[in-house]
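Asker: sharing a model prediction with you, sequence too.
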Amino acid sequence: MEFSGQYLTYNEYKGLGGTLDQAPFNLLEFQARKEIDLRTRGRLVDVTEIPQEVKLCEYHIINIIQKYAETTMQSNNGVASENIDGYSVSYLSPTNIQEIIKSKQKEIGDIMLTELYNVIVNNEAIIYCG
């Protein structure tokens, strides 16, 4: 599968210190790009020269998404904790899962506000929502 329209290429990602192989990178880059498109209201979709701030922002978002994906996989199908002596298992509740999702979204939003503040493309601030 070919991924086009990337804001951050694999070589740029590796140059910034990224450690993923290309296939997982492509999937996470796509998710990160969709987060950026959502929060910028698609202002970067047809831009031919992506600003450096956007590339760095996407690099950080990829790392955030990867971190939360690893956390979710480590939970072993919803297991929050396990005690072997008295054998008890605690599962993640829907509330715990919602908190994880909210935490991820807040972290992505915070990084976007920090890194994309005052970035202008086509004479418009890309995170302007007014």
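Answerer: Yes, it's here.

Asker: buried ones in stretch 40-57?
Answerer: For stretch 40-57, the neighbour count (16 or more other CB atoms under 10 Å) marks 40, 43-44, 50-51, 53-57 as buried. In this view, the C-beta of every residue, glycine as well, is placed from N, C-alpha and C.

Asker: pick out the most distant pair among these.
Answerer: Distances among the buried residues of stretch 40-57 were taken as CB to CB; the most separated pair is R43 and L56, at 17.1 Å.

Asker: could you pull out the helices in this structure for me?
Answerer: 10-15, 22-39, 52-74, 94-116 (DSSP state H).

Asker: which stretch among those comes nearest F3?
Answerer: With CB to CB as the yardstick, what comes closest out of those is helix 22-39 (4.7 Å).

Asker: for the closest one, packing partners?
Answerer: helix 10-15, helix 52-74, helix 94-116 (3 or more CB pairs under 8 Å, 6 or more residues apart in numbering; DSSP states H and E).
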